[in-house]
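Peer 1: Return a 3D structure for these sequence lines:
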Amino acid sequence: MSNKYQPALFWFAVANAVTTFLLIGLGGLVTSHEAGMSVPDWPTTYGYNMFLFPVDKWIGGIFYEHSHRLLASGVGFLTTILAVWLWLKDARKWVQWLGIAAFLLVIVQGILGGLRVRWQLDWLGVPHGAVGQIFLVLTAALALFTSRWWMESAGKKQIAVPRGLRCHILYVTILIFVQLLIAATMRHQHAGLAIWDFPSAHGKLWPDTSHAAIADYNAHRPPGWVGKPITAFQVNLQMVHRFVAYAIFLGVAAATLLARKKLGGRDPLTRFAWFWLALLTLQIGLGAWTIWSDKAADVTTLHVMGGAAALLTGTLWWLIAARRTRLAA
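Peer 2: Now for the predicted structure:
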């Protein structure tokens with residue numbers, strides 16, 4: 001076992017995190033194409049062992065759902081190798097147990113995905129999505145913990161990050177996670193867009209959600225709209241999603257200005273905060289584009305991946321800040 005930087009281990013952890021991020025994107029494509037139930041059995045695929053399913057049958061929604069299963073299996077395999085590697089070669093017990101936690105979490109994630117198919121319950125897509133985001137954060141954290149910077153930063157001069165700034169970053173990151181849960185709830189109701197204009201909402205700042213108004217919305221949905229009739233709950237939930245997005249953007253903007261003030265413009269964490277702000281700006285643009293494009297699958301999936309990237313950025317920022325502060329003390 002070693003307490004030193006191991007390049008092969010680090011890059012393997014990075015590959016695992018990147019693959020997990022791509023898996024979230026592919027999962028977004030499955031939902032965006034309404035392909036979640038294109039394969040009605042699990043763990044088999046139309047009776048075949050999933051790894052032996054004929055390529056000529058990968059058509060329509062089956063292509064997205066089956067590809068998602070295969071990539072998920074690949075992530076599970078990589079995570080198993082990483083957990084064993086950490087246990088055998090990394091001397092830090094807490095990192096070893098984080099590797100085991102990642103291994104157990106990927107099993108839970110696979111079971112949730114399988115049960116959603118077996119039981120045909122759309123609401124299981126929400127915890128499935130939530131666990132996916134937590135797993136992504138954990139894999140990225142393991143990559144950080146095995147990095148050269150983390151392993152060799154002890155004994156080097158570090159600039160502490162004020163507690164108020166660290167807490168602000170943490171609260172905004174938690175809010176992003178809550179926002180992702182709201183988004184997952186919206187997506188897995190399969191009702192299409194409850195509000196199809198932006199920046200207004202059915203022509204108002206806050207739309208009417210009376211019984212008569214909801215009936216009118218359903219009667220005048222855009223031509224060719226696919227999905228269940230919308231409800232007042234869905235309209236209100238989408239409005240909450242919009243206003244939480246504005247709050248997150250303001251929170252990240254404030255974090256960027258605070259980092260510049262407390263750490264200086266040249267500090268790496270300040271530059272990382274500027275990247276976070278640019279990412280949130282892009283994410284809001286993708287959210288608007290999702291509405292204007294009538295929830296086009298590729299745009300919606302980019303929006304899903306942007307949300308995951310925003311959560312990841314906030315988490316890594318906070319972990320780096322906590323490490324620097326502890327070493328500075």
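Peer 1: How far off centre is the helix or strand containing residue 319?
Peer 2: Element membership of residue 319, judged by DSSP states H and E, is helix 297-328. How far helix 297-328 lies from its chain's middle: 9 Å, per CA atoms, centre = their mean, to the nearest Å.
Peer 1: Stretch 173-193 too?
Peer 2: Worked out by CA atoms, centre = their mean, stretch 173-193 lies 10 Å from the chain centre.
Peer 1: Do you know the pLDDT at residue 135?
Peer 2: What the model reports as pLDDT for residue 135 is 96.
Peer 1: What residues of the helix or strand hosting residue 217 count as buried?
Peer 2: Applying DSSP H and E as the criterion places residue 217 in helix 211-219. Neighbour-count burial for helix 211-219 flags 214, 217 (criterion: 16 or more other CB atoms under 10 Å). C-beta coordinates here come from the backbone N, C-alpha and C atoms, glycine included.
Peer 1: for that helix, packing partners?
Peer 2: Packed against helix 211-219, as judged by 3 or more CB pairs under 8 Å, 6 or more residues apart in numbering; DSSP states H and E, are the following elements: helix 232-263.
Peer 1: Can you give me the neighbour number for the residue nearest to residue 10 when sequence neighbours are not counted?
Peer 2: Closest residue in space to residue 10, ignoring its immediate chain neighbours: residue 146 at 4.5 Å, by CB to CB, 6 or more residues apart in numbering. Neighbourhood size, residue 146 [other CB atoms under 10 Å]: 27.
Peer 1: quick one: contacts for residue 146?
Peer 2: For residue 146, the contact set (CB atoms under 8 Å, 6 or more residues apart in numbering) comprises 5, 6, 9, 10, 13, 86, 90, 95.
Peer 1: sec struct for the residue nearest to the first one when sequence neighbours are not counted, please.
Peer 2: Right, residue 5. Nearest non-adjacent residue to residue 5, counting by CB to CB, 6+ apart: residue 151, 4.1 Å away. Following DSSP: H, G, I helix; E, B strand; the rest coil, the label given to residue 151 is helix.
Peer 1: now residue 5
Peer 2: Assignment for residue 5 (three-state DSSP): coil.
Peer 1: And residue 105, its phi and psi?
Peer 2: Dihedral pair for residue 105: phi -70, psi -40, per degrees, to the nearest 10.
Peer 1: mind checking pLDDT for it?
Peer 2: On pLDDT, residue 105 comes in at 95.
Peer 1: Ok, residue 294 next?
Peer 2: pLDDT, residue 294: 83.
Peer 1: what's the burial count for residue 295?
Peer 2: 18.
Peer 1: The closest residue to it other than its chain neighbours: neighbour count?
Peer 2: Of all residues not flanking residue 295 in the chain, residue 193 sits nearest, at 5.5 Å (CB to CB, 6+ apart). By the criterion of other CB under 10 Å, residue 193 has 20 neighbours.
Peer 1: Tell me where the protein is predicted with low confidence.
Peer 2: 2, 35, 190-192, 224-227 (pLDDT under 70).
Peer 1: quick one, helices of it?
Peer 2: 7-32, 61-89, 93-119, 125-145, 148-152, 163-187, 211-219, 232-263, 268-292, 297-328 (DSSP state H).
Peer 1: Any idea which of these gets closest to residue 42?
Peer 2: Closest approach to residue 42 among those is made by helix 93-119 (4.2 Å; CB to CB).
Peer 1: Could you pull out the buried residues of that closest one?
Peer 2: In helix 93-119, counting by 16+ other CB under 10 Å, buried: 95-96, 98-99, 102-103, 105-106, 109-110, 112-114, 116-117.
Peer 1: Same check on stretch 56-63?
Peer 2: In stretch 56-63, counting by 16+ other CB under 10 Å, buried: 62, 63.
Peer 1: and for it, what are the contacting residues?
Peer 2: So stretch 56-63 is contacted by 30, 33, 34, 35, 38, 39, 46, 66, 67 (CB under 8 Å, 6+ apart).
Peer 1: now do stretch 98-115
Peer 2: Identification of contacts with stretch 98-115 by CB under 8 Å, 6+ apart yields 42-43, 69, 72, 75-76, 79-80, 82-87, 90, 121, 124, 127-128, 131-132, 134-135, 138-139, 141-142, 145.
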